[in-house]
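Novice: Just need the structure, nothing else, for what follows:
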Amino acid sequence: MARKRITRRSFLKAAGATALGMAGAGLAPALVGAQAPTRIVFWHAMGGNLGETVVKAFINTFNSAHKDIQVEAQFQGSYDDLVNKLRASIQSQSVPAVAQVYDIGTRFMIDSKGIVPVQEFIDKEKFDLTQLEPNILAYYRVGDRLNSMPFNTSTAILYFNKDMYKKAGLNPNQPPRTFEEIEDYAKKLVQSGATTSGITISIYGWFFEQLLARQGALYANNGNGRDKAATEVIYNQEEEGARILDWWTRMVKAGVASNPGRAPAGNAAAQRALAGGQTAMIFESTATLRSLLTNAGGRFELGTGYFPKPPAAKNGGSIVGGASVWILKNRPQVEQQAAWEFVKFITAPPQQAAWYVGTGYFPIRKEAYREQVAKDNLAKNPQFLTAISELRSSPINRPTQGALLGVFPEARARVEEAIEAAVLGRRTTKQALDDAAKNVDQAIAVYNRTMGVA
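Specialist: Below you'll find the model as predicted:
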């Protein structure tokens, strides 16, 4: 989910290799006519180098090939900032034609009734979805209906310093796969003197959600809010939630895990610690892979591994993160159709291959791996295989589809407060989770009543 700095050279090299291709995407340039082009606004949350390099490159190429459609990208700040702006404007004429919204904004966007489901365009055009990754579609499909199109997709993986593993007598080609193995490796790394911190874990609600799903556990009732609207969270009612915090807290207290603080600052601090040789392992989004490879700078070999789960968790797997793109209703139909053309372009194989190679977000389309730039990248950097292998090995079920909550941003913040309270010894694991759940349940009740959700 994180969005990190990439080099302009790395992305443009990928983009050039795919031509960010009109021909490869099957999109032919429109004929220039006398009619003025349809202009649409695209709200996005890709800041910094990612926005300047990636989004700008996509839009410039699209605009050059489509004289009848011109897209204007408008950066709206963080994902939270963008959703808050949509909340304030979604029923007005001031909404954009298309917007990028993070995964946990899905329930709100549907309930807002301010969107045109992309399923309508898919059905009308008989657009082929068979080449999209099934696990990604499973997250964004709600009631067998695709309301938005996946765009930048990630999952959480383990990153580690292979040189430190070797120094500690650990096999760098066999990263830990379970909670117990993570803890054991962290102890050996510290005890051997390879590092002062075996693992650094940012306090991030998304990691907690992933660790639940890896155990096959639900976050909220009613099938994670997918069978019908969730009325409460249940991560405090079963053993899986407590297991996560007990394990996390135990490693910190033992001095083998370090706490860099809450996200997003904690994520950045953990990445710096790995790059600077202050820790051997971190958890992070696959979206940071290109950045972490660059920051390693050849000073050490970067390894990647699956997110951990207990050995008995046979039905567990990963949830996708990142964002999808939505077409907004309160724009003229001509803009909605233009938005659909743009959506098809940015999710076509050449663009997805360039996005993958330049960032680490994995493609939503299987054909993207057949693009030469993707083949070359995988041959050079096998670390890029980890996330997609983890995703494809995950079963599709309610835990791995992720929860749908209209108050998910607030829910995530409450979980982060609970993790922090437990890790710092301010509250017991049970009390921290119970307090978080109580606050979230109250917010869900207000949301469901206000939005008329049954």
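Novice: Show me where the stretch 51-200 of the chain dips below the pLDDT cut-off.
Specialist: Per-residue confidence for the stretch 51-200 of the chain (pLDDT under 70) gives these ranges: 52-53.
Novice: Pull the number of nearby residues for residue 445.
Specialist: Burial measure for residue 445: 13 neighbouring residues, criterion other CB atoms under 10 Å. For the C-beta atoms, the positions are set from N, CA and C on the backbone; glycine is no exception.
Novice: quick one: which helix or strand includes it?
Specialist: With the criterion set as DSSP states H and E, the secondary-structure element containing residue 445 is helix 429-451.
Novice: What strand or helix carries the closest residue to residue 202 other than its chain neighbours?
Specialist: The shortest distance from residue 202 to any non-neighbouring residue, by CB to CB, 6 or more residues apart in numbering, is to residue 266 (3.4 Å). Take DSSP H and E as the rule and residue 266 turns out to sit in helix 265-275.
Novice: same check, this time on residue 143
Specialist: Under the assignment here (DSSP H and E), residue 143 is part of no helix and no strand.
Novice: all helices in the stretch 151-300 of the chain, in order from the N-terminus.
Specialist: Per DSSP state H, counting those that start in this stretch, the stretch 151-300 of the chain carries helices over the ranges 162-167, 179-191, 205-214, 221-225, 239-253, 265-275, 289-296.
Novice: Spell out the secondary structure type for residue 324.
Specialist: Assigned with DSSP: H, G, I helix; E, B strand; the rest coil, residue 324 falls in the strand class.
Novice: Across the sheet, point out what pairs with it.
Specialist: The partner list for residue 324 in beta bridges (DSSP bridges) reads residue 101, residue 150.
Novice: next one: phi and psi at the residue lying closest to residue 445 once chain neighbours are set aside?
Specialist: Nearest in space to residue 445, with sequence neighbours left out and distances taken as CB to CB, 6+ apart, is residue 231 at 7.3 Å. For residue 231, the backbone dihedrals are phi -120, psi -10 (criterion: degrees, to the nearest 10).
Novice: Next: the one 5 residues further on.
Specialist: Dihedral angles of residue 236 (phi, psi; degrees, to the nearest 10) stand at phi -90, psi 0.
Novice: Which residue is the nearest non-sequential neighbour of it?
Specialist: Setting aside the residues directly before and after it, residue 236 is nearest to residue 433 in space (CB to CB, 6+ apart), at 3.8 Å.
Novice: quick one: pLDDT of that neighbour?
Specialist: The predicted local distance difference test score for residue 433 is 98.
Novice: tell me the contacts of it?
Specialist: Counting by CB atoms under 8 Å, 6 or more residues apart in numbering, residue 433 makes contact with 235, 236, 241, 242, 245, 418.
Novice: quick one on the thing from earlier: just say which of the helices of the stretch 151-300 of the chain is most tucked in.
Specialist: A comparison of the helices of the stretch 151-300 of the chain by mean neighbour count, using mean count of other CB atoms under 10 Å, puts helix 205-214 on top with a mean of 26.
Novice: Could you export it as CSV, keeping only the C-alpha atoms?
Specialist: Below are the C-alpha coordinates for helix 205-214, written out as CSV (Å, rounded to 0.1, in the frame of the first residue of the first chain):
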residue,chain,number,x,y,z
GLY,A,205,-3.2,-1.5,10.8
TRP,A,206,-2.8,-3.0,7.4
PHE,A,207,-0.2,-5.4,8.8
PHE,A,208,-2.6,-6.5,11.4
GLU,A,209,-5.3,-7.1,8.8
GLN,A,210,-2.8,-9.2,6.7
LEU,A,211,-1.7,-11.2,9.8
LEU,A,212,-5.4,-12.0,10.5
ALA,A,213,-6.1,-13.1,6.9
ARG,A,214,-2.9,-15.3,6.9
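Novice: Report the angle between it and helix 429-451.
Specialist: 100 degrees (axes from the mean of the first three to the mean of the last three CA atoms, to 10 degrees).
Novice: how about the strands in the stretch 301-450 of the chain?
Specialist: Remark: strands assigned in the stretch 301-450 of the chain by DSSP state E, counting those that start in this stretch are 302-305, 321-328.
Novice: With mean pLDDT as new columns, can the ones you listed be given to me in CSV?
Specialist: Shown next, in CSV, are those (pLDDT from 0 to 100):
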stretch, mean pLDDT
strand 302-305, 98
strand 321-328, 96
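Novice: Can you add mean neighbour count and distance to residue 446 and give those strands back as JSON lines?
Specialist: As requested, these are arranged in JSON lines below (neighbours: other CB atoms under 10 Å; distance: least, CB to CB, whole Å):
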{"stretch": "strand 302-305", "mean neighbour count": "22", "distance to residue 446": "41"}
{"stretch": "strand 321-328", "mean neighbour count": "26", "distance to residue 446": "24"}
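Novice: quick revisit: helices or strands up against the helix holding residue 266?
Specialist: When contacts are defined as 3 or more CB pairs under 8 Å, 6 or more residues apart in numbering; DSSP states H and E, helix 265-275 sits against strand 199-200, strand 281-285, helix 289-296.
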